[in-house]
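Q: The following block contains a protein sequence and its predicted model.
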Amino acid sequence: MSTLDVLRKKIILRSNFFRNIMRLVKFAFLGLIVLFAVLTGLSLLLPANIRVSRVVNVVASRRPAAVAAVIDLGAWKRWNDFVYRATLTNVELSSPAAGPGAYLSSDQLRITETQADTAGVVLKWDMLNGKQFVGGFQFLQVNRDSVTVQWWFDFHFRWYPWEKLGVFVYDRKLGPLMEESLGNLQRYVENPR
């Protein structure tokens with residue numbers, strides 16, 4: 001076998017190797033495009049708006065205390081783990097800390113009361129990363145013995161698959177903290193110390 005034949009075989013082997021590599025690259029690229037299209041199609045089936053909500057019942061006679069504890073952002077440190085368990089830095093409260101325009105501000109987030117009365121509170125949440133959402137509390141008199149305090153967050157998602165698929169994370173991530181905080185609120189208003 002001549003040197004020329006050996007060289008031809010090497011060229012053919014390398015050519016086949018690179019041809020196979022290019023096939024794999026094309027297959028991977030097309031696979032990624034198809035995967036993105038499938039995820040986008042599935043995400044379009046998910047809602048663009050969701051509400052995460054939790055409730056707790058408070059003794060009816062303690063309704064004014066519950067309303068005051070929710071409206072006054074300064075009182076949140078006594079019951080709201082959602083805000084005060086987080087490692088917020090440079091926390092600042094407005095004066096007064098209750099009513100429309102009241103705010104709780106930190107380096108990570110800003111919470112502003114946009115509406116507050118005895119029926120409920122609407123809050124605007126601005127995160128450091130630029131995300132904004134609306135949340136609030138509603139006080140519902142279901143029966144004479146108790147008042148239901150509902151805590152809710154409304155989220156709006158764009159069409160991006162990674163954003164829409166994040167819907168599944170919000171309830172699991174926020175729900176337990178909301179439940180724990182509402183339990184703290186119930187204990188705080190029913191058994192003041």
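A: The structure has been received and is ready for your questions.
Q: tell me how far stretch 2-16 is from the chain's mean position?
A: Distance of stretch 2-16 from the chain centroid (CA atoms, centre = their mean, to the nearest Å) equals 60 Å.
Q: same thing with stretch 175-184?
A: The chain centroid and the centroid of stretch 175-184 are separated by 15 Å under CA atoms, centre = their mean.
Q: ranges for the helices of the protein?
A: For the chain, helices defined by DSSP state H occupy the ranges 3-44, 63-71, 81-84, 161-164, 167-190.
Q: If we ignore the residues flanking it in sequence, what's nearest the most centrally placed residue in the chain?
A: The centroid of the chain falls nearest to Tyr170 when counting by CA atoms, centre = their mean (4.6 Å). Nearest non-adjacent residue to Tyr170, counting by CB to CB, 6 or more residues apart in numbering: Val52, 5.6 Å away. The way it works is simple: take the backbone N, C-alpha and C, and place the C-beta from them, glycine included.
Q: Would you check how far apart the one you found and Pro176 are?
A: 11 Å (CB to CB, to the nearest Å).
Q: So between these two, which is more surrounded?
A: Val52 (19 against 12; other CB atoms under 10 Å).
Q: How about the contacts made by that one?
A: 152-153, 155, 170-171, 174-175, 178 (CB atoms under 8 Å, 6 or more residues apart in numbering).
Q: Could you check the pLDDT of it?
A: Per-residue pLDDT puts Val52 at 89.
Q: pLDDT below threshold where in this structure?
A: The model of the chain has pLDDT under 70 over residues 1, 13, 192-193.
Q: can you list the domains in this structure?
A: 1-45, 47-190 (automatic domain parsing).
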